[in-house]
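[1] Got a sequence here, can you model it:
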Amino acid sequence: MEELYHWTKSEREERWRRHGRIVKSIYILRYIQDEKLRRAVQLQLNRGEARHTLARWLFFANRGEFRDGDLNEIMRVWLLWNDGYGDRV
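    Numbers count the residues shown, from 1 in each chain. Modelled structure (predicted):
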């Protein structure tokens with residue numbers, strides 16, 4: 001542990017970079033091997049894309065451009081509407 005105190009800042013940074021590469025490599029190998037993980041990641045990506053597609057469609061007047069707070073506000077309204085009227089359809 002005492003050895004850590006003798007490292008320069010650049011040595012510590014290089015070791016953190018190496019550690020990050022190892023963690024990333026392990027995750028990629030796990031992703032390749034584990035179909036359940038791939039499905040979970042794809043599901044989340046699809047949800048995010050669907051949310052952005054909906055927001056683009058709803059904000060056609062702004063030519064698909066969002067202003068601060070627009071996306072969250074419209075998604076809240078959409079969710080409230082679905083919650084209240086979704087079961088009636």
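
[2] which stretches of this protein have low pLDDT?
    Along the chain, the model assigns pLDDT under 70 to residues 1-4, 58-71, 84-89.

[3] Show the residue spans covered by the helices in it.
    2-5, 9-33, 35-58, 70-85 (DSSP state H).

[4] Now Trp7: phi and psi?
    In terms of degrees, to the nearest 10, the main-chain angles of Trp7 are phi -70, psi 140.

[5] Report the spatially nearest residue to it, omitting neighbours in sequence.
    In this structure, Trp7 finds its nearest non-sequential neighbour in Arg15, 7.4 Å apart by CB to CB, 6 or more residues apart in numbering. For glycine as for every other residue, the C-beta is placed from the backbone atoms N, C-alpha and C.

[6] And for Leu54, the neighbour number?
    Using other CB atoms under 10 Å, Leu54 has 14 neighbouring residues.

[7] How many residues are close by the nearest residue to it once chain neighbours are set aside?
    Among residues not flanking Leu54 along the chain, Trp78 sits closest, at 7.1 Å (CB to CB, 6+ apart). Using other CB under 10 Å, Trp78 has 14 other residues around it.

[8] burial count for Trp81?
    Neighbours around Trp81, by other CB under 10 Å: 10.

[9] rewinding a little: my guess is the residue nearest to Leu54 meets Trp57, correct?
    No: using CB atoms under 8 Å, Trp78 is not in contact with Trp57; the gap is 10.8 Å.

[10] how close does Phe17 sit to Asn46?
    You called it Phe, but residue 17 is Arg. 32 Å (CB to CB, to the nearest Å).

[11] Over to Met75?
    Computed as CB to CB, the Met75 to Asn46 distance reads 16 Å.
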